[in-house]
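1. need a structure here:
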Amino acid sequence: MSENKGFQLGTIGALSLSVVSSVSIVICNKALMSSLHFIFATTLTSWHLLVTFCSLHVALSMKFFEHKPIDLKTVIGFGILNGISIGLLNLSLGFNSVGFYQMTKLAIIPCTVLLETLFLSKTFSRSIKLSLSVLLLGVGIATITDLQLNMLGSFLSFLAVVTTCVAQIMTNTIQKKYKISSTQLLYQSCIYQALILLITGPFLDQLLTQQNVFAFEYTPRVVVFIVLSCLISISVNFSTFLVIGKTSPVTYQVLGHLKTCLVLAFGYVLLRDPFNWRNIFGILVALVGMILYSYYCTRESQAKTEEISLQNKPNEAESDPLLHVENGATKLNDLPISKGTFWEADKDLRA
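-> Numbering: from 1, shown residues only. Down below sits the predicted model:
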């Protein structure tokens, strides 16, 4: 039971770290791009990943975590896929309206559910599907303003959704298959993500912005915000892998939409961004969906835990009393206890 509570606290801590760090970096990057006009998002992301790798390498040399090598092809493929998905998301934003880009982000959850159902044989209860529908409806109301379609933008959005879903599913499955921590996986894969974005980032940014990142005027204020953004990104990248490893890709996407609502609210409070009753109503609907999702996840996880616990209890009617005399009564600590969790990964959710 203590292990179960510890795991729950660890999961809550991971979720909290992800929310705080993600909202912080969005606010920092918004100031960097809107106020200081540094609009090279893909190149900035490559710097984030490079700083993350360097910081983890220092942590490894100081024995904060242990290096656990895994299949090289898997790591390289996973890192490249993550880098491609980031680039495609940026291209999707560049070639589509903001409203259609938001639709692309909303499509990640149903696509993840579909892929996990088809290829991983996972099942999602009606309650979970209903809560996700309410969540997506609320975020859609709050964020989608226009829907301008074009063939190239739609194709790029499709590729962005598929690669993002597969990358996030792999983040969860690789950690479980090789029994490695989120830190170990991030350390081994982020260098490949950084390399592919370092190579392609300047070209993508020039295609999208018609400006050269190397010709930009780097004032001291710009440099300070870039350094701050890179430092916050260490926490963002770490918490992303941690949350997906401890929960599931779907839960991570739900958390992402919570961040979207918080960013909208903080943008209004701190930066005086335009805000109307439609945004407020959408955020409230999304929050209802998140609460329902949390409730049903918890209830189904507890039901699964109780079911496994009952299956693991010995049948006293069939036990030999002579064995109890010879060996003593069975201790509770000797019985196998299920490690059910509050936001259990992979059990999002069996009906």
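2. host element of the residue nearest in space to the middle of the chain?
-> Centroid-nearest residue in the chain: residue 252, 4.0 Å away (criterion: Cα atoms, centre = their mean). Secondary-structure element containing residue 252, defined by DSSP states H and E: helix 249-271.
3. so which bits of the longest helix belonging to the chain are buried?
-> Ranked by residue count and defined by DSSP state H, the top helix of the chain is helix 277-312. Using 16 or more other Cβ atoms under 10 Å as the test for burial, helix 277-312 gives 279, 282-283, 285-287, 289-290, 292-293, 296-297, 300-301, 304-305. Yep, even glycine has a C-beta here, placed from its N, CA and C like the rest.
4. swap in stretch 53-65?
-> Neighbour count says stretch 53-65 has 53, 55, 56 buried, by 16+ other Cβ under 10 Å.
5. what's near enough to touch the first one?
-> Contacts were defined as Cβ atoms under 8 Å, 6 or more residues apart in numbering; by that measure residue 53 touches 187, 190, 191, 194.
6. separation between it and residue 239?
-> With the distance defined as Cβ to Cβ, to the nearest Å, residue 53 ends up 16 Å from residue 239.
7. now swap in the second one and tell me
-> Residue 55 sits 14 Å away from residue 239 when distances are taken as Cβ to Cβ.
8. and stretch 143-150, what's its mean pLDDT?
-> Computed over stretch 143-150, the mean pLDDT rounds to 74.
9. give the buried residues for it.
-> Residues of stretch 143-150 classed as buried by neighbour count (16+ other Cβ under 10 Å): 143, 144.
10. list the contacts of that stretch.
-> 95, 96, 97, 98, 99, 100, 102, 103, 260, 264, 282.
11. my read is that the second one contacts residue 155, right?
-> No. With contact taken as Cβ atoms under 8 Å, residue 96 and residue 155 are classed as non-touching, separated by 10.5 Å.
12. pLDDT wise, what is residue 104 at?
-> For residue 104, the predicted pLDDT is 89.
13. wait, what's in contact with it?
-> Listed by Cβ under 8 Å, 6+ apart, the contact set of residue 104 reads 89, 92, 96, 157, 160, 161.
14. got phi/psi on the second one?
-> Taking degrees, to the nearest 10, you get phi -60, psi -40 for the backbone angles of residue 92.
15. got the contact list for it?
-> Contact partners of residue 92, counting by Cβ under 8 Å, 6+ apart, are 101, 104, 153, 156, 157, 160.
16. tell me how many other residues surround the first one.
-> The reference is to residue 101. In terms of burial, residue 101 registers 21 neighbours under the definition other Cβ atoms under 10 Å.
17. just the element for it, please.
-> Secondary-structure assignment from DSSP H and E places residue 101 in helix 98-106.
18. likewise the fourth one?
-> Of the helices and strands defined by DSSP H and E, residue 156 is found in helix 151-177.
19. so how far is that helix from its chain's centroid?
-> The chain centre lies 12 Å from the centre of helix 151-177; the measure is Cα atoms, centre = their mean, to the nearest Å.
20. listing request: residues of the stretch 151-300 of the chain with sub-threshold pLDDT.
-> Counting by pLDDT under 70, the low-confidence segments of the stretch 151-300 of the chain come to 270-273.
21. now the buried residues of stretch 53-65 in TSV, with pLDDT?
-> Shown next, in TSV, are the buried residues of stretch 53-65 (pLDDT from 0 to 100):
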residue	pLDDT
53	96
55	95
56	94
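22. the residue nearest to the centre of the chain against residue 168, yeah?
-> Yes. Using Cβ under 8 Å, residue 252 is in contact with residue 168, at 6.3 Å.
23. overlap of the contact sets of these two?
-> With the criterion set as Cβ under 8 Å, 6+ apart, the overlap between the contacts of residue 252 and residue 168 is residue 244.
24. give me the mean pLDDT for the host helix or strand of residue 11.
-> Assigned by DSSP H and E, residue 11 belongs to helix 2-30. Model confidence over helix 2-30, given as mean pLDDT, is 78.
25. how far does it sit from the chain's center?
-> If you compare the mean C-alpha spot of helix 2-30 with that of the full chain, they lie 11 Å apart, counting by Cα atoms, centre = their mean.
26. buried sites along stretch 150-164?
-> The neighbour-count check on stretch 150-164 (16+ other Cβ under 10 Å) flags 153, 156, 157, 159, 160, 161, 162, 163, 164 as buried.
27. go on, stretch 13-21?
-> Across stretch 13-21, burial judged by 16+ other Cβ under 10 Å covers 14, 15, 17, 18, 19, 20, 21.
28. got JSON lines for the residues you listed, with distance to residue 28 too?
-> Output for the buried residues of stretch 13-21, formatted as JSON lines (distance: Cβ to Cβ, whole Å):
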{"residue": "14", "distance to residue 28": "21"}
{"residue": "15", "distance to residue 28": "21"}
{"residue": "17", "distance to residue 28": "16"}
{"residue": "18", "distance to residue 28": "16"}
{"residue": "19", "distance to residue 28": "15"}
{"residue": "20", "distance to residue 28": "12"}
{"residue": "21", "distance to residue 28": "10"}
